[in-house]
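Trainee: Got a predicted structure plus its sequence, pasted below:
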Amino acid sequence: MPRKKGNFKYFLILILTLMISAWVVELASAQASDRQTTIVVSYTEYEWWLIRWADNQIICKIISDHEGLPTGKEVLKSCGEDLYYEWISTPPCKKVAKGSSDTSTCSGYYFHLASRNNTTREVIIDLPSPAVWIDLKGCDALQDSNLCRTMPYLVLIGEEPLPNETMVAIEGTYAGEPFYCESDICNIPLRPTAPQGVVVEFWGLSSYGDKTDLYKAYVRVVDSGVTTPPGAGGWYVDVLSTQWVGGSTAVCAQTWEAFPPAGELPSWLQTPEHPEVLASDGAYFYLAGRLIAQGVVDASACPSGGLLPNGYADTCGLEKSSDLIEVWQNQFDESLIDVADETGVPAQLMKNLFAQESQFWPGMFRVRWEFGLGQLTANGAETILLWNPTFFDQFCPLVLSEDNCSKGYLGITPEDQAILRGALALQVNANCPDCPTGVDLTNVYFSMPLFANILRSNCDQVAQIIFNATGERAGAVSSYEDLWRYTIANYQAGPGCVSFAIHMGWRSAEGWLTWENVASNFTETCKGVVPYVDKITE
């Protein structure tokens, strides 16, 4: 039967009414979610006149809210560009200085305070936002372990910072399944997951009338596989989220959104509790050569004084230096553990990297303009300046003006960028002609946290490189260990080499990127980084 015209008109009106109602509700909700309030503050308002010397005519009025003369910005805003430039170039009126009241021949302008009034104004201030945090409960774990003897549960904790307001509900999805808790606490039972884990999305609702940001967590629960003795098994549980409050996670895991290996990390990604475990006994010809050249080791009984023409020790020089070499390469171990505890960067990884970069000799000799245990260059310094805004904000004002620094690293001129990079590289320069060993060991210890944080900045850069190449988060297309391999390569060879190799490697990766298919795609100029990475991670 044909639809009647009148019924269709009624249907259309109903739909429009519902749409308008929904829009009004949405608008009201959006207005409620603006966490702002207006307060009334008292202040003193100053009215200044800009007056022409020649005829004492008022040219411009300037209103300010501070003591002292108006600023240049206030003059420019109130009086315009032309008058601003005339005022700023106004010379002193010498007649006034001599006590004369005749200023008709004086050029330019002067300020006169016309009035001051105590008044009030409304100020809009932002209110703190609500949040939801994520923790793990019911995990009877060993100390510093993610092995839970029994299956734990997630707990989501709502936080409402405004007085007289509360979090009324928490909701979200767990592995695609919705959940809702009418409370500021939400307990979610866990269950075994695939090795890649599951996604948890969650948010909170406030009595204020708004809700929190949408948060995301990656949760992995895998059986330990241990069955004997009874009670020795359990579940490895990992949570990656910006809202995680359940203790530290493996360094850079959150940046990459990549789970570390279940159970124990490979040895090169570990930090031992005691420096004795970090101890090494490498035979370093370059280090031996530097100790001999500085007169710390007496190799005068060796042919050619124990030194080769390139500055390395020969076999005899190495033998004469062996005792001191072992002491020297292990003197930094305790500090490496302290830095690892502070930054999360594994102590063994840093020690292996220092061994490859400098053989633990922090002075400049082998390669010009490379400094410290990690042989930092000006170009290498760019990574932390670019990828760690907090560090940039702290370091930049020590070198450049605050106005310049307020623009951010990418906002300053290439010349200023080069100045910053060079200044940072020089911070780790340990050369000290007046020191007994030729190097300032105090500066060496001071620079070690910087190298750790530079490595963390390389993590950030690698995450972006992989996203650019694959369109995916790093942890979705590569393993935690291999992501560290790309990061080490990025530290040594730079993002140009690594970006090309990853882009090319992804073409044949079939959805999963490995160090093997990336390593095979470094160009001739860059392929020296492959044995470098392998030696650090073997």
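Mentor: Done, it's in.
Trainee: Give me the most central residue, the protein.
Mentor: Centrality entry for the chain: nearest residue to the mean C-alpha point is residue 388, 4.0 Å, by CA atoms, centre = their mean.
Trainee: tell me how far the ends of stretch 135-147 are from each other?
Mentor: With CA to CA, to the nearest Å as the measure, stretch 135-147 spans 15 Å from end to end.
Trainee: Just list whatever residues bridge to the residue nearest to residue 189 when sequence neighbours are not counted.
Mentor: Of all residues not flanking residue 189 in the chain, residue 153 sits nearest, at 4.9 Å (CB to CB, 6 or more residues apart in numbering). In this view, the C-beta of every residue, glycine as well, is placed from N, C-alpha and C. On the basis of DSSP bridges, residue 153 is bridged to residue 137, residue 189.
Trainee: who's in contact with residue 153?
Mentor: 136, 137, 138, 187, 188, 189, 190 (CB atoms under 8 Å, 6 or more residues apart in numbering).
Trainee: On the pLDDT front, check residue 224 for me.
Mentor: As predicted, residue 224 sits at a pLDDT of 87.
Trainee: separation between it and residue 247?
Mentor: Per CB to CB, to the nearest Å, residue 224 is found 18 Å from residue 247.
Trainee: Settle it for me: which of these two has more neighbours?
Mentor: residue 224 (15 against 11; other CB atoms under 10 Å).
Trainee: Pretty sure that one sits against residue 235.
Mentor: Yes: applying CB atoms under 8 Å, one finds residue 224 in contact with residue 235, separated by 6.5 Å.
Trainee: Give the residues shared as contacts by those two.
Mentor: With CB under 8 Å, 6+ apart, residue 224 and residue 235 have common neighbours residue 147.
Trainee: buried stuff in the helix ranked longest in the chain?
Mentor: In the chain, with assignment by DSSP state H, the single longest helix is helix 441-470. Residues of helix 441-470 classed as buried: 443-445, 447-463, 465-466, 469-470 (neighbour count, 16 or more other CB atoms under 10 Å).
Trainee: now swap in stretch 382-398 and tell me
Mentor: 382, 383, 384, 385, 386, 387, 388, 391, 392, 395, 396.
Trainee: packing partners for whichever helix or strand comes after the longest helix of the chain?
Mentor: Using DSSP states H and E, the helix or strand that follows helix 441-470 in sequence is helix 474-477. Judged by 3 or more CB pairs under 8 Å, 6 or more residues apart in numbering; DSSP states H and E, helix 474-477 is in contact with helix 253-256, helix 441-470.
Trainee: what about 10 Å?
Mentor: If you count contacts as 3 or more CB pairs under 10 Å, 6 or more residues apart in numbering; DSSP states H and E, helix 474-477 packs onto helix 253-256, helix 441-470, helix 480-493.
Trainee: What is the burial count for residue 270?
Mentor: 15.
Trainee: got it, and the one 10 residues further on?
Mentor: Counted with other CB under 10 Å, the burial measure for residue 280 works out to 14 neighbours.
Trainee: How about the one 5 residues further on?
Mentor: Burial of residue 285 is recorded as 18 neighbouring residues (other CB under 10 Å).
Trainee: Please report the distance of it from residue 469.
Mentor: Distance from residue 285 to residue 469, counting by CB to CB: 39 Å.
Trainee: same deal with residue 170?
Mentor: 36 Å.
Trainee: can you check residue 382 too?
Mentor: According to CB to CB, residue 382 stands 21 Å off from residue 469.
Trainee: Domain-wise, how is the chain divided?
Mentor: 38-126, 131-247, 279-335, 377-427 (automatic domain parsing).
Trainee: Of all these, which one comes closest to residue 366?
Mentor: domain 279-335 (6.4 Å; CB to CB).
Trainee: Any idea how far apart the tips of that closest one sit?
Mentor: End to end - CA to CA - domain 279-335 spans 13 Å.
Trainee: show me what contacts the closest residue in space to residue 491 that isn't next to it in sequence?
Mentor: Excluding the flanking residues, the one nearest residue 491 by CB to CB, 6+ apart is residue 458, at 5.0 Å. Residue 458 makes contact with 252, 380, 383-384, 387, 484, 486-492, 494-495, 498, according to CB atoms under 10 Å, 6 or more residues apart in numbering.
Trainee: so residue 156, which of the three states?
Mentor: Three-state call for residue 156 (DSSP: H, G, I helix; E, B strand; the rest coil): strand.
Trainee: do the same with residue 368
Mentor: Going by three-state DSSP: residue 368 is coil.
Trainee: okay, now it: neighbour count?
Mentor: Neighbour tally, residue 368, other CB under 10 Å: 7.
Trainee: ok, now how distant is it from residue 449?
Mentor: 25 Å.
Trainee: Please consider this matter closed, and thank you.
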